[in-house]
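Colleague: need a structure here:
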Amino acid sequence: TPMAALFAAGWGDTHCGNYAAANARADELIALADESEASHWKALGTVVRGSLFALTGKASDAVRAITSGITSLRSIGATLYEPWHLSHLAIAYAELGQLDDARRCIDDAMDKVERSKEKWCEAEVHRVAGEITLKTLAPDTEKAEKYFDRALAIARQQQEKSWELRAAMSMARLWCNQG
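Modeller: Model prediction:
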């Protein structure tokens, strides 16, 4: 369907860092979903838009959009991609300094990865958990390093080079900041 194609293309754009194109696709997806009264696709488009806000420093907008999208998706029983969405919500809360909410979201994401067996984003969820751990007033570098180690191990086991690189970069920043 055109909506599935827009979602997939926007997903690819997001992963490649082409946020402007991803945002345009999310807008198009939401508009098309509105015309078709396709609430599932509209909710997915809203969460994607929220993730883009989280990735581009618009944390307040991210919290509103992701929360709205997740609520809509849950209301129709759709839980696919939820760990990914929750990790972006955690990033946004951390950016706003709302670390309890950030930890709650990332813990929820890790729990959903385990319960749903939706393992494709597991490494990234652990990496984000490590990043959130470092944002506290008294950062627990040991705990963060364990999250990054876990993210590296998962990425290697899954042969996911992009997740491995992201985890390695987080670990390198941690080590540089300790020295």
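Colleague: contacting residues for Glu82?
Modeller: Counting by C-beta atoms under 8 Å, 6 or more residues apart in numbering, Glu82 makes contact with 70, 73, 109, 112, 116, 118. Where C-beta positions appear, they are placed from N, C-alpha and C, glycine not excepted.
Colleague: Show me the shaky parts of this protein.
Modeller: Residues of the chain meeting the criterion pLDDT under 70: 179.
Colleague: Was I right to think Met171 contacts Glu145?
Modeller: Yes - with contact defined as C-beta atoms under 8 Å, Met171 reaches Glu145; the gap is 7.0 Å.
Colleague: Using neighbour counts, pick out the buried residues of stretch 104-115.
Modeller: Neighbour-count burial for stretch 104-115, counted by 16 or more other C-beta atoms under 10 Å, picks out 105-106, 108-110, 112-113.
Colleague: Looking at the residues you listed, which is nearest Ala65?
Modeller: Nearest to Ala65, judged by C-beta to C-beta, of the buried residues of stretch 104-115 is Cys105 at 14.1 Å.
Colleague: Leaving out the residues flanking it, which one is nearest to that closest one?
Modeller: Excluding the flanking residues, the one nearest Cys105 by C-beta to C-beta, 6 or more residues apart in numbering is Ala90, at 3.8 Å.
Colleague: Does that neighbour touch Asp100 like I think?
Modeller: No - here Ala90 lies out of contact with Asp100, judged by C-beta under 8 Å, at a distance of 11.0 Å.
Colleague: out of these two, which sits in the busier spot?
Modeller: Neighbours per residue, other C-beta atoms under 10 Å: of Ala90 and Asp100, the larger number sits with Ala90, 28 against 8.
Colleague: if I pick the more buried one, what's in contact with it?
Modeller: Counting by C-beta under 8 Å, 6+ apart, Ala90 makes contact with 101-103, 105-106, 109, 128-129, 132.
Colleague: helix or strand for it, which one?
Modeller: Using DSSP states H and E, Ala90 maps to helix 82-95.
Colleague: by how many degrees do the next helix or strand after that helix and helix 82-95 diverge?
Modeller: As assigned by DSSP H and E, the chain's next helix or strand after helix 82-95 is helix 99-116. Interaxial angle of helix 99-116 relative to helix 82-95 (axes from the mean of the first three to the mean of the last three C-alpha atoms, to 10 degrees): 170 degrees.
Colleague: Val47 versus Val128, what's the distance?
Modeller: 16 Å (C-beta to C-beta, to the nearest Å).
Colleague: make that Ala90, sorry
Modeller: Here Ala90 is placed at a distance of 14 Å from Val47 (C-beta to C-beta).
Colleague: ok, now Cys121?
Modeller: 14 Å.
Colleague: try His88
Modeller: According to C-beta to C-beta, His88 stands 8 Å off from Val47.
Colleague: anything in contact with each of the two?
Modeller: With C-beta under 8 Å, 6+ apart, His88 and Val47 have common neighbours Ile66.
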